[in-house]
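1. no letters, just coordinates:
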């Protein structure tokens, strides 16, 4: 708001004391304080109203954008289609490898595990 320092307030107080007088100065200061408080409350309420209107407009814009964009169901379907299209080449490779193994006539057995006897050498 205003940038009023200590010396400016001192000058205003001395001028007010000389012009208004010491008898009426406390009443005038009280009245000025009440009016200053009312002005501050009015300004803060106007700011709050403006902020509320801006937020409401932003919310309406967001809602309009969401209405125009594709729905969640469509996004899920597109994702599912993409995953299925990625799985098709993998399924083809697995089937072709199993066909090659069948054509060879023998499936490879896993190598036997040799067990070692633990003998205490004393």
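-> Looks like it came in fine. Quick caveat, the model's predicted, so the values are computed rather than measured.
2. hey, let's count contacts and neighbours off CA atoms from now on
-> OK.
3. contacts for the helix or strand residue 18 falls within?
-> Using DSSP states H and E, residue 18 falls within helix 6-20. Applying C-alpha atoms under 8 Å, 6 or more residues apart in numbering, the contact partners of helix 6-20 are residue 25.
4. what do you get for stretch 60-73?
-> Around stretch 60-73, nothing counts as a contact under C-alpha under 8 Å, 6+ apart.
5. any idea which helix or strand comes after the helix holding residue 18?
-> The first helix or strand that comes after helix 6-20 along the chain, using DSSP H and E, is helix 25-68.
6. by how many degrees do that following helix and helix 6-20 diverge?
-> In this structure, helix 25-68 runs at an angle of 130 degrees to helix 6-20, with axes from the mean of the first three to the mean of the last three C-alpha atoms, to 10 degrees as the basis.
7. can you give me the mean pLDDT across helix 25-68?
-> Along helix 25-68, the predicted confidence averages to a pLDDT of 93.
8. ok, back up a step: pLDDT (mean, whole number) over the helix holding residue 18?
-> Summarised as a single mean, pLDDT over helix 6-20 is 90.
9. in it, what counts as buried?
-> Taking 16 or more other C-alpha atoms under 10 Å as the neighbour-count basis, helix 6-20 is seen to contain the buried residues residue 16.
10. next, residue 4: phi, psi?
-> phi -110, psi 120 (degrees, to the nearest 10).
11. and the gap between it and residue 33?
-> Residue 4 sits 16 Å away from residue 33, going by C-alpha to C-alpha, to the nearest Å.
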